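*Asks:* pasting the sequence and the predicted coordinates here, then a few questions.
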Amino acid sequence: MASWESDVKTGDSRGMAKLYNIYPNVLKYIPGPHHKIKENFSFMADYVRKKMEINMKTFDINNPRDFIDCFLTKIEKEGKTKADIYNTDTLVMNTMIMFFGGTETVSATTRFTFLLLLKYPSITEKVYNEIDNVIGQRPPNFEDRFKMPYTDAFIHEVQRFADVTPLGLPHELTMDTEIRNYKFKKGTVFTSVLTGVHNDETQFKNPEHFDPKNFLDENGKLMKNESLMPFSAGRRICPGMTLAKIELFIFITTLLQNFTIKSPVPPEKISVAPVGCGIGHIPPTFEICLIPRTCSQEEQ
Ligand code: HEM
């Protein structure tokens, strides 16, 4: 399923997928590999629909087991008055969006994180030092980040540099709209060019280089920058943002707390350029050795 999802986002289509994301109303008439995206979507929708049907057979309103059961409860309670919102089609779409939104994004960011840690050992050493000094042996918690400005800045910089959703998601106007004296027709598709913001030289020094200092002030404290918007902005900002931030911090610190990471190839040979840019930036595949930190130097 995950590989289908990845395929949907990068596809064999990549460049075409990106164009399709920006100009869906034009590209739908042009033949090409981007149509595989639709095929893959149907495949996933069928999968979710079958899962929904299985849930329906054993559904107990008092014992919801998962997201599908919670949505079925909504359909049961509010489906009559809000039929356009709570029905089986919206159940399937919402389950798919949750699956899409919550998996490949965090996974790609985590993979970029480890790739960048292997590429820049001096940065990695600083992250290790902070983990050892602040967390030590106990399990990390999300509040630890307040005492770990370097690690926090590092994760912010990973999100800027990796830029996993370079064009956010397209949005279509549901009514004629006027913004700053510009008039737009209902149906106009808007794309937020997040990648432009993340690479804005007026906001980030040498944006093409990876540097956690982009998010540190002269006293080594975390410095927020409104031009970091991996989750987009506005009313439709990613609803999984907080969960994603927690996941990233806990995954990264827990792994580094327990493992020494090593690359089988020297850092200068590691490429950090994304391999695909359809809807998302996908990191290249790479090899990593995870050595338990309890091992002695000789065992490592
Ligand atoms: C590093 C991780 C993540 C990144 C970079 C990310 C990024 C984004 C972006 C850019 C959007 C488009 C916002 C817009 O429409 O303007 C989005 C939407 C969305 N994300 Fe995330 N996301 C991440 C993690 C998650 C997680 C963990 C979940 C849920 C478990 C999630 C669920 C969603 C959903 C459901 C939408 C669609 C919202 C809508 O239709 O309005 N995302 N995400």
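*Replies:* Sure, I can see it. Numbers count the residues shown, from 1 in each chain.

*Asks:* can you report how many residues neighbour P121?
*Replies:* 13 (other C-beta atoms under 10 Å). Just so you know, the C-beta spots here come from the backbone N, C-alpha and C atoms, and that holds for glycine as well.

*Asks:* torsion angles phi and psi at the closest residue to it other than its chain neighbours?
*Replies:* Spatial nearest neighbour of P121, excluding adjacent residues (C-beta to C-beta, 6 or more residues apart in numbering): P267 at 6.2 Å. Note on P267: its backbone torsions stand at phi -50, psi -40 [degrees, to the nearest 10].

*Asks:* do the same with T188
*Replies:* Dihedral angles (degrees, to the nearest 10) for T188: phi -70, psi 140.

*Asks:* related to what we said a few turns ago, in terms of contact, does the residue nearest to P121 touch T124 like I think?
*Replies:* No: taking contacts as C-beta atoms under 8 Å, P267 lies outside contact range of T124: 9.7 Å.

*Asks:* those two: which is more packed in?
*Replies:* Neighbours were counted for P267 and for T124 using other C-beta under 10 Å; T124 has more, 19 against 12.

*Asks:* wait, isn't the more buried one in contact with I261?
*Replies:* Yes: T124 lies in contact with I261 (C-beta under 8 Å); the separation is 7.2 Å.

*Asks:* what touches both of those two?
*Replies:* Among the neighbours of T124, those also in contact with I261 (C-beta atoms under 8 Å, 6 or more residues apart in numbering) are L117, L118.

*Asks:* contact partners for the residue in the stretch 201-300 of the chain positioned nearest to the ligand?
*Replies:* Taking C-beta to the nearest ligand atom as the measure, the stretch 201-300 of the chain has G240 as its residue closest to the ligand, at 2.1 Å. Counting by C-beta under 8 Å, 6+ apart, G240 touches G101, G102, T105, F231.

*Asks:* cool, and F114?
*Replies:* Per C-beta under 8 Å, 6+ apart, neighbours of F114: L255, I261, F286, I288.

*Asks:* quick check, pLDDT for I237.
*Replies:* Confidence at I237, expressed as pLDDT, is 94.

*Asks:* quick one: it is in a strand?
*Replies:* No: counting by DSSP: H, G, I helix; E, B strand; the rest coil, I237 is not found in a strand; it is coil.

*Asks:* and the pLDDT at I261?
*Replies:* pLDDT at I261 comes out at 97.
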